[in-house]
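> only geometry, no sequence info:
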């Protein structure tokens, strides 16, 4: 095993590539987008050809933005913080449809069949459903501030109500989609985010009002509190210091997640969802991302360590490399078969591409204040 | 849980759809192909729009054919039984490149980065490597009859030598790719097929010359014999009666595989690869396919039961439905998020699409003697 502690990747200078034109025979399955948070725009890329293709702006407030893709990967749907829902044509590089669907939104999902877009809202609270083709409204479920909206198995949407401590499930193939088919009450105080395992069967809601995590086995419907020590403990953390659950990773029979207010990555056994180990890292982790083969975790951090990324070998649970990018690292996305990872360097106005075996930089692109990176293989994965 | 034993899906008549034209804004990530085994042709479909798009012929002997996709899903590579390797343009519906690369071939794989096609051959034996863009030869590794070629983590190819009982690993990013980076000798007598788990980390080779399965943990390099009772036992089965290892399924912490010469689906614990249970089914299983959420297994059978498909609930390990298609069912492919399954009905000259929740037929297409079905989401999965 290589034990490298010096930062190497960011030190290698590669000239910024210019905008490329796709060859006329290019397919769409390797497209992706990078959120330009400050400018309300996205940069469209090809993660296979490792090229920047163009830019689409006019998307409103993209702080905390997320993206899903149509099943043919021609279109992306961008969920903005201001309630804007925008359908992007990734090939023509233009807005195909856009609606201001609420005043304050926190994410969304696309149905298994690609026909329905669901959005979770803060104000007014609840979930709204739209026809994917033209964003025509299909229905709404009014509730409190709504978070943790995911697509889940089999062809469901699941979301959490922060104000009422409830979790709902919708059947994406039912008519109307907006009537919950299952409701769990009293899941805990103030769910603030949710995630589902890659098989779509286990839903988790992080709790801001108490320690522990609400877990629902969607196969049986059984709800239980797990990871009872997980949370802020006695420390009063503001909500933005709580880790996003999108920062959790599943690899093999283990779940890896950032400790809250701690310099640890927690290792949890999927069998019973009990903590097995805590891996010491250099700062407060934000995103713990598993390389698709599960052999490595790549971890970024909250300030003041947000310029660092650490790589953990899951065979030993040890940090094998620390990379210093001299810029806040806001997000990471792996190529779907794991040979590359793309990182958003906000302060450097750059996106860099690293070889995950050598951890050397192979590409560097100029992108203004990049944040989230989303690749089109998500179209065919549950929960993304 | 619904307990349905009557065959229902095949009984519902839906008119055969005609060939459709994709809308001009269609992407390529939802394309797929169906092998027309008898005619040396493929039918191109869109698994999202559920449409037949066209047909490409002139592909030679497509018995035992398999298919991989370029990362942008514009192209498919078809491995024919006669050594033909064909690159198909799925949008223009024509052959983009073709080479007769050996006299007798048994499958292939595409590298993690989409740039190299590897083919395993019987005669002359070994693995040959080609540049994906134009099928120009890149190198060869000569050996005995070669089987079980897969792409594996991290960016490797792994294959088995039937005549010499060896397994090789190639580094798809090395130059030359054709020099093995690891070799395992004496893995067992006559490996006849191989597979790798979806994370790319565990390789299995079925053995024709003895019972048991060779297992290599590709992380550590450790080789061991597992499932020591697995095989033909004292019964002399011809090689075509041995199950394809592509018929094995991984769901959660379990591996599901067809019993050899038995009317059982075996359940194996990934922790130690030990058999936990045997699920009685109606015939000799061929393909045991897990719905992407792992909640169901769909199983087809060898003659005389090859007109049946049984559905197993993995929560109970019980058969919950038996579907009678009144035709040999040669292959099944799930839509990547699991709401649909496509089945090849050879004797009915039809491909049918079923809703996996209701198990009702939702589409039926005329395709001559269909066999293997392959969807483009495979482009972004390890081992497929």
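Thanks, I have it. Note that this is a predicted model, so its numbers are computed, not measured. Numbers count the residues shown, from 1 in each chain, chains lettered A, B, ... in the order given.

> shaky segments in chain A?
Within chain A, the stretches with pLDDT under 70 are A:1-22, A:232-243.

> ok, the residue most central in space within it to residue A:82 distance?
With distances taken as C-alpha atoms, centre = their mean, the residue of chain A nearest its centroid is residue A:246 (4.4 Å). Note on residue A:246: its distance to residue A:82, by C-beta to C-beta, to the nearest Å, is 20 Å. Where you see a C-beta, it was placed from the backbone N, CA and C, and this is true even at glycine.

> Go through stretch A:193-206 and flag the buried ones.
A:193-206 (16 or more other C-beta atoms under 10 Å in any protein chain shown).

> from the residues you listed, which is closest to residue B:218?
Comparing the buried residues of stretch A:193-206 against residue B:218 with C-beta to C-beta places residue A:198 closest, at 20.6 Å.

> Go ahead and confirm residue A:362 touches residue A:342.
No: using C-beta atoms under 8 Å as the test, residue A:362 is too far from residue A:342 to be in contact (10.4 Å).

> hey, what's in contact with both of the two?
Listed as contacting both residue A:362 and residue A:342 by C-beta atoms under 8 Å, 6 or more residues apart in numbering or on different chains are A:353-354.

> out of these two, which sits in the busier spot?
For residue A:362 versus residue A:342, the count of surrounding residues by other C-beta atoms under 10 Å in any protein chain shown is larger for residue A:342: 23 against 15.

> give the contact list for the more buried one.
A:32, A:34, A:45, A:47, A:332-335, A:351-354, A:373 are the contacts of residue A:342 under C-beta under 8 Å, 6+ apart.

> And for residue A:346?
Neighbours of residue A:346 in contact, by C-beta under 8 Å, 6+ apart: A:37, A:327-330, A:369-371.

> related to what we said a few turns ago, from the buried residues of stretch A:193-206, which ones fall inside helices?
Among the buried residues of stretch A:193-206, DSSP state H puts none in helices.

> buried sites along stretch A:263-276?
Using 16+ other C-beta under 10 Å as the test for burial, stretch A:263-276 gives A:263-268, A:273, A:275.

> Who's the closest spatial neighbour of residue A:151, skipping the chain neighbours?
residue A:109 (4.4 Å; C-beta to C-beta, 6 or more residues apart in numbering or on different chains).

> so the one you found sits in a strand?
Yes: under DSSP: H, G, I helix; E, B strand; the rest coil, residue A:109 sits within a strand.

> Grab the two from the buried residues of stretch A:263-276 that are most spread out in space.
Among the buried residues of stretch A:263-276, A:263 and A:273 lie farthest apart (C-beta to C-beta), at 22.3 Å.

> how far away is residue A:379 from residue B:89?
Distance from residue A:379 to residue B:89, by C-beta to C-beta: 21 Å.

> Neighbour count: the two, which is higher?
Higher neighbour count among residue A:379 and residue B:89: residue A:379, with 29 against 17, using other C-beta under 10 Å.

> Got phi/psi on that one?
For residue A:379, the backbone dihedrals (degrees, to the nearest 10) come out as phi -60, psi -30.

> quick one, what contacts it?
Residue A:379 sits next to A:68-73, A:110, A:114, B:29, B:336 when contact means C-beta under 8 Å, 6+ apart.

> Identify the residue nearest it in space, chain neighbours excluded?
residue A:69 is the one closest to residue A:379 (C-beta to C-beta, 6+ apart), at 3.9 Å.

> Next, residue A:77: phi, psi?
Here residue A:77 shows phi and psi, under degrees, to the nearest 10, equal to phi -110, psi 120.

> what does residue A:65 give?
phi -80, psi 150.

> Filter the buried residues of stretch A:193-206 down to just the ones in strands.
A:193-196, A:202-206 (DSSP state E).

> Those residues: which two are farthest apart?
Among these, A:193 and A:202 lie farthest apart (C-beta to C-beta), at 15.0 Å.

> out of the buried residues of stretch A:263-276, which are inside strands?
Judged by DSSP E, the buried residues of stretch A:263-276 include A:264-268, A:275 as members of strands.

> which of these lies closest to chain B?
residue A:268 (14.1 Å; C-beta to the nearest C-beta).

> correct me, but that closest one touches residue A:253?
No: the pair residue A:268 and residue A:253 does not pass the contact test of C-beta under 8 Å, sitting 9.9 Å apart.

> Give me the phi and psi angles of the residue nearest to residue A:379.
Dihedral angles (degrees, to the nearest 10) for residue A:69: phi -120, psi 150.

> Around it, how many other residues sit close by?
30.

> so where does residue A:157 fall, helix or strand?
Element membership for residue A:157, per DSSP states H and E: strand A:156-161.

> Flag every residue of the stretch 201-350 of chain A that's near chain B.
A:201, A:219-220, A:251-253, A:270-271, A:291-295, A:315, A:335-339 (C-beta under 8 Å from any C-beta of the partner chain).

> Any of those buried? List them.
The buried subset of these (16+ other C-beta under 10 Å) comprises A:201, A:219, A:251-252, A:291-295, A:335-339.

> Max pairwise distance over the residues you listed: which two?
A:219 and A:339 (33.8 Å).

> Tabulate the contacts of residue A:342 in a markdown table, adding columns for secondary structure.
A markdown table is the format used below for these (three-state DSSP):
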| residue | secondary structure |
| --- | --- |
| A:32 | strand |
| A:34 | strand |
| A:45 | strand |
| A:47 | coil |
| A:332 | strand |
| A:333 | strand |
| A:334 | strand |
| A:335 | coil |
| A:351 | strand |
| A:352 | strand |
| A:353 | strand |
| A:354 | strand |
| A:373 | strand |
